[in-house]
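Peer 1: sequence and predicted model, in that order:
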Amino acid sequence: MARYVKEHVRKSQQERREEIIEATLRLLSERGIEGTTVARIAEAVGLTPGALYRHFDSRAALISEANRVAGERALAWVESSEDPDVLTRLEEIAEAQATWAQENLDMVVRPLFQEVGAPRDGDPVGRLTYHDFKSLAMLEQFADEGKRQGRIRDDVRSEDIAWAVQMFAWAQDLAVLLGAERLVEDGLFLRNLRRLLDSFRA
């Protein structure tokens, strides 16, 4: 009797929402945005499509929330160093990024690239835009901090520094997605980023 009760304990709404989001991210990774249907998501979590709509108003709202969760997880590599010297911090987070990308390939990296690369026609609700990437805002704040420290030249736009580091990360992500980890392991991207960061040095 205890076993039956344990297996049939109702999940809280928050637990169910988290389960649905995880299933959505897995499906985005495996099938892309077009293949991530409400029916497949519902089947993955053992619900009917109608029951799924009790947790999310629409497919677009669900994908939007999954993107938000993936975006929050994507901040982990940016937050991986707290070195007080901003240029050292940027190098350390760059060094940590490849490991992070490999560990989060299927639940963050691939779903984000699937969504970004999907056709832009149809319902734009829930679609990622450049403003959704909180990592860019955080990197720009680091650049501002580096200028206040006197470590980064004042004539370099903080936005340029943020995009340089973000493009480095996306290039490594693509290399991992394409099975070209050797380029990452050889330090190709990191060497180029270090040269770029050195050009920003005050």
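Peer 2: Right, received. Where do you want to start?
Peer 1: what's the longest helix in the chain?
Peer 2: helix 13-35 (DSSP state H).
Peer 1: for the next helix-or-strand element following it, enumerate the helices and strands it packs against.
Peer 2: Going down the chain from helix 13-35, the next helix or strand is helix 38-45, by DSSP states H and E. With contacts taken as 3 or more Cβ pairs under 8 Å, 6 or more residues apart in numbering; DSSP states H and E, helix 38-45 sits against helix 13-35, helix 49-52, helix 59-78. Yep, even glycine has a C-beta here, placed from its N, CA and C like the rest.
Peer 1: what is the rounded mean pLDDT of the longest helix of the chain?
Peer 2: Helix 13-35 shows a mean pLDDT of 86 in the predicted model.
Peer 1: touching it from outside, list them.
Peer 2: Contacts to helix 13-35, defined as Cβ atoms under 8 Å, 6 or more residues apart in numbering, come from residues 11, 36, 40-41, 44-45, 47, 52, 55-56, 62-63, 65-66, 69-70, 106-108, 110-111, 114-115, 118.
Peer 1: and stretch 110-119, by the same measure?
Peer 2: By Cβ under 8 Å, 6+ apart, stretch 110-119 touches 25, 28-29, 32-34, 63, 66-67, 70-71, 74, 127-128, 173-174, 177.
Peer 1: buried ones in that stretch?
Peer 2: Neighbour counts over stretch 110-119 (16 or more other Cβ atoms under 10 Å) mark 110, 111, 112, 113, 114, 115, 116, 118 as buried.
Peer 1: give me the element the nearest residue to residue 154 once chain neighbours are set aside is part of.
Peer 2: Nearest residue to residue 154, sequence neighbours excluded (Cβ to Cβ, 6 or more residues apart in numbering): residue 147, at 5.7 Å. Using DSSP H and E, residue 147 falls within helix 134-149.
Peer 1: how much space between residue 139 and residue 191?
Peer 2: For residue 139, the distance to residue 191 equals 19 Å [Cβ to Cβ, to the nearest Å].
Peer 1: brain fart, residue 21
Peer 2: 37 Å.
Peer 1: more crowded one of those two?
Peer 2: With neighbours defined as other Cβ atoms under 10 Å, residue 21 and residue 191 compare such that residue 21 has more, 22 against 10.
Peer 1: tell me the phi and psi of residue 201?
Peer 2: phi -60, psi 140 (degrees, to the nearest 10).
Peer 1: right, I mislabeled it, should have said residue 152
Peer 2: phi -120, psi 140.
Peer 1: surely it meets residue 196?
Peer 2: No. Applying Cβ atoms under 8 Å as the test, residue 152 and residue 196 come out as separate, 11.9 Å apart.
Peer 1: who's more crowded, the two?
Peer 2: Neighbour count, other Cβ under 10 Å: between residue 152 and residue 196, residue 152 has more, with 23 against 16.
Peer 1: so who does the more buried one touch?
Peer 2: 86, 87, 143, 146, 161, 200, 201, 202.
Peer 1: 6 Å instead, please
Peer 2: By Cβ atoms under 6 Å, 6 or more residues apart in numbering, the contact list for residue 152 reads 146, 200, 202.
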